[in-house]
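Asks: Give me the fold of what follows.
(one chain, ligands or ions: 1)
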Amino acid sequence: MKKRVTIGVIGTGHLAGAVIEGMMAAGDEFSVIMSPRSRERSTDLDARYPRCRRGRSNQEVLEVCDVAILAVPPGNYRELAKEVNWPRSLPMLSFLVGVDTGSLREAFKCQRIFRVLPFPSASLGESPTMLFPDEEPARTICSTMGEVIPVKSEEEFEKFTGVTPLAGFTYYLMESIQRWCGNNIPVEYPAKIIRSTLSLYLEQVARGQKTGTDQFATPGGLTEHAFRVLDRTGFSDITGQYLDAVKERLGSIGTERDDT
Ligand SMILES: NC(=O)c1ccc[n+]([C@@H]2O[C@H](COP(=O)([O-])OP(=O)(O)OC[C@H]3O[C@@H](n4cnc5c(N)ncnc54)[C@H](OP(=O)(O)O)[C@@H]3O)[C@@H](O)[C@H]2O)c1
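Replies: The predicted structure is shown next:
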């Protein structure tokens, strides 16, 4: 019988919690041991899944697992590195946004570090998950999260990271729509329109077809009118500003190192 792989999780917050749920639903190949921090979530996961348990300390997690996920806030990793002794050969899957492998290696002195960027949709096994480098054991673990997107370099990883807050942007948009709809229109309806439109968009991109907004804007129709209003509000510029702000912030996290 194939041995079950134990995944250690240090930092069971929103993202790692979603990843664990997806992993538990994906099959019984993995068991999980979580740091005792993130008390409420780790206790809940421990109670819900027999293959998921809450460890006694960060160090215990690192000593019993085969691969460890690091998912603490980016600003916390240096303190953590002083507190634990990361076994040199234990592979690390880092979810930390804006912290490169050089900084992590310097802090934890471990040999194999993978950068992984999943989304909370990993709970459904539907997260497009960036991975660098695209090697085992990270690939098999990431495939429980959803489609694995192999990235060629850390530079490319950082570039792609710049658009990932679009996931939050989508929720922001949905919240505005929900507020506007009130109780008059069930929010599933606009959500279904958006989902089907994005599926079509992806299909058109895959086929190399045109994706212009004009296909929805019947001359003199509703959408054309609404586009004019959006243009007047400068919505396109606002979207650009949102992404510029992410890029700027990402640049400052990325340069965060012990010597700065
Ligand atoms: N949320 C996303 O969509 C997303 C997307 C991509 C990447 N990321 C990255 O994923 C990481 C986690 O993000 P998140 O949104 O899940 O954050 P979060 O919900 O704030 O979770 C972080 C967790 O780390 C725990 N923690 C902090 N310091 C710790 C330590 N020294 N030892 C053990 N546990 C510790 C915290 O526990 P306590 O509650 O006990 O303080 C908390 O539960 C971040 O590095 C972020 O950049 C997040």
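Asks: Assign a three-state SS to residue 116, would you?
Replies: Using DSSP: H, G, I helix; E, B strand; the rest coil, the structure places residue 116 in strand.
Asks: Which residue is the nearest non-sequential neighbour of it?
Replies: Distances taken as C-beta to C-beta, 6 or more residues apart in numbering place residue 93 nearest to residue 116, at 4.8 Å, with adjacent residues excluded. In short, each C-beta sits where N, CA and C put it, glycine included.
Asks: Using the three-state scheme, assign that neighbour.
Replies: In three-state terms, and counting by three-state DSSP, residue 93 is strand.
Asks: Across the sheet, point out what pairs with it.
Replies: In this entry, residue 93 is beta-bridged to residue 69, residue 114, by DSSP bridges.
Asks: mind listing what it touches?
Replies: Going by C-beta atoms under 8 Å, 6 or more residues apart in numbering, residue 93 touches 67-70, 114, 116, 138, 141-142.
Asks: Where neighbours are concerned, which of those residues has the most?
Replies: Highest neighbour count within those: residue 69, with 28 neighbours (other C-beta atoms under 10 Å).
Asks: Surely it and residue 12 touch.
Replies: No: contact between residue 69 and residue 12 fails when scored by C-beta atoms under 8 Å: they sit 9.1 Å apart.
Asks: and residue 162, what pLDDT?
Replies: With respect to pLDDT, residue 162 has a value of 89.
Asks: what's the burial count for the nearest residue to it once chain neighbours are set aside?
Replies: Nearest in space to residue 162, with sequence neighbours left out and distances taken as C-beta to C-beta, 6+ apart, is residue 247 at 5.0 Å. Look at residue 247: counted by other C-beta under 10 Å, it has 14 neighbours.
Asks: Good, we can wrap up now.
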